[in-house]
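K.L.:
curious how this folds, go ahead:
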Amino acid sequence: MDAYANKYLIKIIQTEYKKPLSPGEQDFSPYVSRYRGWFNLLVQDSRGEITSRVSINNYFGNEDLAFGGPIDLVFNDYNQDGDEDFAIGRPRKDSPEFQYVLFSINSEGRVYNLPAGGYKEDGFIYSAGTNATFTSDNGENRIVVTLCDLIKKYVRGKYLWNGNKYVFSN
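P.N.:
Here you go, the predicted structure:
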């Protein structure tokens, strides 16, 4: 990532390995079939020095995380504060929606969480989309998502930035 004329390398590294689930095992899903365990976000500057290390699992209730393949981070300044934002998500159990945690990286290469709340469980942005790319609405400080209930009814929702956190609004 090239931010603030500084080059940063952002990696997701697995810090604790757990055997991935196989078809037929409880909680198996193709979305969580390749990598399982504990993961960190690691940011390095152009000299190779670590500027930030964040445990991703801490934002998901200190539970094991699992991914179906490589994670592509997509950057966008959703809240228009000048820092690049990105999301990491997981499928939500018993729901067609995914839970996403929104992060940001500042000019010093430090990663921090952008809080969210007001829909289901606080701390997450929910979306039926399987990739961590959100739509900003008309250049405003909001994220537009597609939500889905258990009867597969899809509706639009949005999270509005209030200066401190994203708050769900329908």
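
K.L.:
partners of the residue positioned nearest the centre of the chain in the sheet?
P.N.:
With distances taken as C-alpha atoms, centre = their mean, residue 88 lies nearest the centre of the chain, 2.1 Å away. Counting by DSSP bridges, residue 88 is bridged to residue 101.

K.L.:
now swap in residue 111 and tell me
P.N.:
Applying DSSP bridges to residue 111 gives these bridge partners: residue 105.

K.L.:
how much space separates the nearest residue to residue 55 once chain neighbours are set aside from residue 56?
P.N.:
Nearest non-adjacent residue to residue 55, counting by C-beta to C-beta, 6 or more residues apart in numbering: residue 40, 5.6 Å away. Any C-beta I mention is one placed from the backbone N, CA and C, and that applies to glycine too. The gap separating residue 40 from residue 56 is 7 Å, by C-beta to C-beta, to the nearest Å.

K.L.:
and for those two, which residues touch both?
P.N.:
Counting by C-beta atoms under 8 Å, 6 or more residues apart in numbering, the contacts common to residue 40 and residue 56 are residue 12.

K.L.:
next, count neighbours for residue 40.
P.N.:
If you count neighbours by other C-beta atoms under 10 Å, residue 40 ends up with 17.

K.L.:
by contact count, what packs against the helix or strand harbouring it?
P.N.:
When elements are assigned from DSSP states H and E, residue 40 belongs to strand 35-44. Contacts defined by 3 or more C-beta pairs under 8 Å, 6 or more residues apart in numbering; DSSP states H and E place strand 35-44 against strand 9-17, strand 50-55, strand 65-67.

K.L.:
what mean pLDDT would you report for that strand?
P.N.:
Confidence for strand 35-44, expressed as mean pLDDT, is 93.

K.L.:
tell me which strands that strand pairs with, and in which orientation.
P.N.:
Sheet pairing of strand 35-44 (DSSP bridges) gives strand 9-17 (antiparallel), strand 50-55 (antiparallel), strand 65-67 (antiparallel).

K.L.:
out of those strands, the one nearest residue 81 is which?
P.N.:
Set against residue 81 and scored by C-beta to C-beta, the strands paired with strand 35-44 come closest in strand 50-55, at 17.0 Å.
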